[in-house]
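> predicted model, plus sequence, below.
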Amino acid sequence: MKPIKVGLLGLGTVGTGVVRIVEGHQEDLVRQIGTGVEISRILVNDVTKNRTIAIRPEQLTENVEDILTDPEIDVIVEVMGGLDPTKDYVMRALANGKHIVTANKDLMALCGTEILAQAQAYKRDILYEASVAGGIPIIRTLTEGFSSDRILKIMGIVNGTTNYILSKMSREGAVYAEALREAQELGYAEADPTSDVEGLDAARKMTILSRLGFHVNVELADVSVRGISRVTREDIAYGKTLGYEVKLLGIAERTEEGVSVSVEPTMVRLSHPLASVSGVFNAVYVFGESVGETMFYGPGAGELPTATSIVADLVAVAKNLRLDVNGGQLPPSYQEKRLRTPEQIVSKYFLLLHVADKAGVLARITQIFADHEVSLESVFQHPNAASPHAEIIIITHNAVKAGMQQVLADFERLDVVHEIRSVYRVEG
Ligand code: NAP
Ligand code: HSE
């Protein structure tokens, strides 16, 4: 049988890993597929650029048509990134009868519905395991492993850059700017780190996971997003004293009322397995009605971990080719989208307030919580000789988000509250 021919769009970090794995694991691939996998052509921006792997010059091209219209190419692996011109290339490749494997979370989160419909129309495979949590097979876990269960909650540390920054702030007491600079020097964060640190990268990944987990067509605009750029050393230190680690968590929940998806810095109780995920590692916690608690941990990015997921998708396409069952997926069948309102979202909260240090202040503060039916789990006052304010830390019991919003609005108007320093959701 002739080898499976692959066209690669991109030969950067991930594309290089794909070439290494296809070449290095060829014997194991042949055992699983029954034939070889060959990377025929590779699209790059600049064919003269030095590469870290040996590539035959005739493999490289700057003209996408060499790949999209080559009748010999069975599968296209898209590792260029971005939406433009990538979306156009993927749509045309499907129309030309190519199967697609992609690592592109931007593409799948923002244009996934259109791309899946195109694949369906042309009876082609489209697989995107590497788009969420790089080396962790979480998409296959949700769509196959847990297809029998009703998933109620997905919580993910799905951005390695921000987890590295928060871990460094927590372990070494580094300030945010210093930790970010080091993440950039180590090549984890982009030169423009906005998408990572403001939570947008994580929001795209949570959009994909919640669609697959809940069978609801969640869109990026449905995700409430807050990044880590305002997390302080002080918040992390106070959290630790009380038994919490600050993590940028994607939290997707499903109840009878509907779904909610958010990305926000969260105080995670130290006994929760997500609290111990540090550095650039990713982890996804999945709670299913029947299976209960599960967690999947591993590298969320990097050349070889990400390429592992891509080549696993390639193997799946190649097996389908051998069995002649490509494009055999059923169209996604979504249930009606109902988003939970702030009146329906319940969690515990951590607050750090700077308040006037005089008699009666605590009574006025606790009265506001009572007015909005938010019950308190604990209240601490920290002496701080260097500060003219009293520092009050409050942890609530489970409270309705709308009630908490009213509490915060009242604090903004209360003269004895000098500053609402921080507010975090609490999990675990
Ligand atoms: P990268 O290192 O920047 O590589 C991009 C590659 O695409 C380069 O080879 C570049 O060519 C080529 N390219 C970009 N735009 C092009 C265009 N318009 N025409 C022709 N070639 C073009 O990117 P990466 O880090 O490998 O990431 C690739 C994808 O994987 C992205 O969607 C990313 O989100 C996703 N991903 C990455 C990781 C990770 O760890 N890096 C993890 C998970 C998912 P030149 O080499 O000539 O410049
Ligand atoms: N910027 C991403 C991260 C890369 O830091 O996790 C993987 O998608």
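In hand now; what should we look at? Ligands and ions are numbered 1, 2, ... in the order given.
> spell out which parts of this protein neighbour ligand 2.
By CB under 6 Å from any ligand atom, the residues of the chain that approach ligand 2 are 134, 159-161, 188, 196, 201, 300-301. Any C-beta I mention is one placed from the backbone N, CA and C, and that applies to glycine too.
> which two among those are spaced furthest apart?
Farthest pair in these (CB to CB) is G134 and D196. Separation: 13.6 Å.
> quick one: secondary structure of the residue in the stretch 201-350 of the chain positioned nearest to ligand 2?
Using CB to the nearest ligand atom, the point where the stretch 201-350 of the chain gets nearest to ligand 2 is A301, with a distance of 3.6 Å. Local secondary structure at A301 is given as coil here, using DSSP: H, G, I helix; E, B strand; the rest coil.
> low-scoring stretches of the stretch 201-350 of the chain, by residue?
Applying pLDDT under 70 to the stretch 201-350 of the chain flags no residue at all.
> residue of it nearest ligand 1, please.
Checked against ligand 1 (CB to the nearest ligand atom), the nearest residue in the stretch 201-350 of the chain is A301, 3.2 Å away.
> need the phi and psi values for that residue.
For A301, the backbone dihedrals are phi -160, psi -180 (criterion: degrees, to the nearest 10).
> can you pick the most crowded of the residues of the chain next to ligand 2?
Ranked by neighbour count under the definition other CB atoms under 10 Å, those are headed by N159 with 31 neighbours.
> what helix or strand is the closest residue to that one other than its chain neighbours located in?
Of all residues not flanking N159 in the chain, A202 sits nearest, at 4.4 Å (CB to CB, 6 or more residues apart in numbering). Secondary-structure assignment from DSSP states H and E places A202 in helix 200-214.
> buried residues, that helix. List them.
With burial defined by 16 or more other CB atoms under 10 Å, the residues of helix 200-214 counted as buried are 200-214.
> that one near ligand 1 anywhere?
No. No part of helix 200-214 sits close enough to ligand 1 to count as contact by CB under 6 Å from any ligand atom; the gap is at least 8.1 Å.
> C-alpha coordinates for that helix, PDB please?
C-alpha atoms of helix 200-214 as PDB (Å, rounded to 0.1, in the frame of the first residue of the first chain):
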ATOM      1  CA  LEU A 200      -7.800  35.300  25.800                       C
ATOM      2  CA  ASP A 201      -5.800  32.200  24.900                       C
ATOM      3  CA  ALA A 202      -7.400  30.300  27.800                       C
ATOM      4  CA  ALA A 203     -10.800  31.500  26.800                       C
ATOM      5  CA  ARG A 204     -10.400  30.100  23.300                       C
ATOM      6  CA  LYS A 205      -9.400  26.800  24.700                       C
ATOM      7  CA  MET A 206     -12.300  26.700  27.200                       C
ATOM      8  CA  THR A 207     -14.700  27.600  24.400                       C
ATOM      9  CA  ILE A 208     -13.600  24.400  22.600                       C
ATOM     10  CA  LEU A 209     -13.700  22.200  25.700                       C
ATOM     11  CA  SER A 210     -17.200  23.400  26.800                       C
ATOM     12  CA  ARG A 211     -18.700  22.800  23.300                       C
ATOM     13  CA  LEU A 212     -17.300  19.200  23.400                       C
ATOM     14  CA  GLY A 213     -18.100  18.600  27.000                       C
ATOM     15  CA  PHE A 214     -21.600  20.100  27.200                       C
END
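> for it, packing partners?
Counting contacts by 3 or more CB pairs under 8 Å, 6 or more residues apart in numbering; DSSP states H and E, helix 200-214 is packed against helix 105-121, helix 138-140, strand 151-157, strand 223-225, strand 244-255, strand 258-269.
> so what's I39 bridging to?
On the basis of DSSP bridges, I39 is bridged to V6.
> ugh, wrong one, I251
Beta-bridge partners of I251, counted by DSSP bridges, are M155, S262.
> swap in the one 4 residues further on?
Beta-bridge partners recorded for T255 (DSSP bridges): G258.
> what number of residues lie near it?
The local packing count at T255 equals 14, with neighbours defined by other CB under 10 Å.
> ok, and what's touching stretch 291-309?
With contacts defined as CB atoms under 8 Å, 6 or more residues apart in numbering, stretch 291-309 is touched by 13-14, 16-18, 20-21, 103, 129-130, 133-138, 141, 146, 149, 157-160, 163, 188, 273-274, 277, 280-288.
> quick one: end-to-end length of it, please.
The first and final residues of stretch 291-309 sit 24 Å from each other (CA to CA, to the nearest Å).
> and it, what's buried?
Using 16+ other CB under 10 Å as the test for burial, stretch 291-309 gives 294, 296-309.
> which two in those are spaced the farthest apart?
T294 and E303 (27.6 Å).
> tell me the SS of the closest residue to A390 other than its chain neighbours?
In space, A390 comes closest to D357 once its chain neighbours are excluded; the distance is 4.0 Å by CB to CB, 6+ apart. Using three-state DSSP as the criterion, the local structure at D357 reads coil.
> give me every residue that touches V223.
Counting by CB under 8 Å, 6+ apart, V223 touches 203, 206-207, 261-263.
> using CSV, lay out these together with distance to M108.
Formatted as CSV, the entries for these read as follows, by distance: CB to CB, whole Å:
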residue, distance to M108
A203, 13
M206, 12
T207, 8
V261, 15
S262, 20
V263, 17
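> closest to D66 out of the residues you listed?
Using CB to CB, T207 is the member of the contacts of V223 that sits closest to D66, with 33.0 Å.
> the closest one and V268: what is the separation?
In this view, T207 and V268 are 22 Å apart by CB to CB, to the nearest Å.
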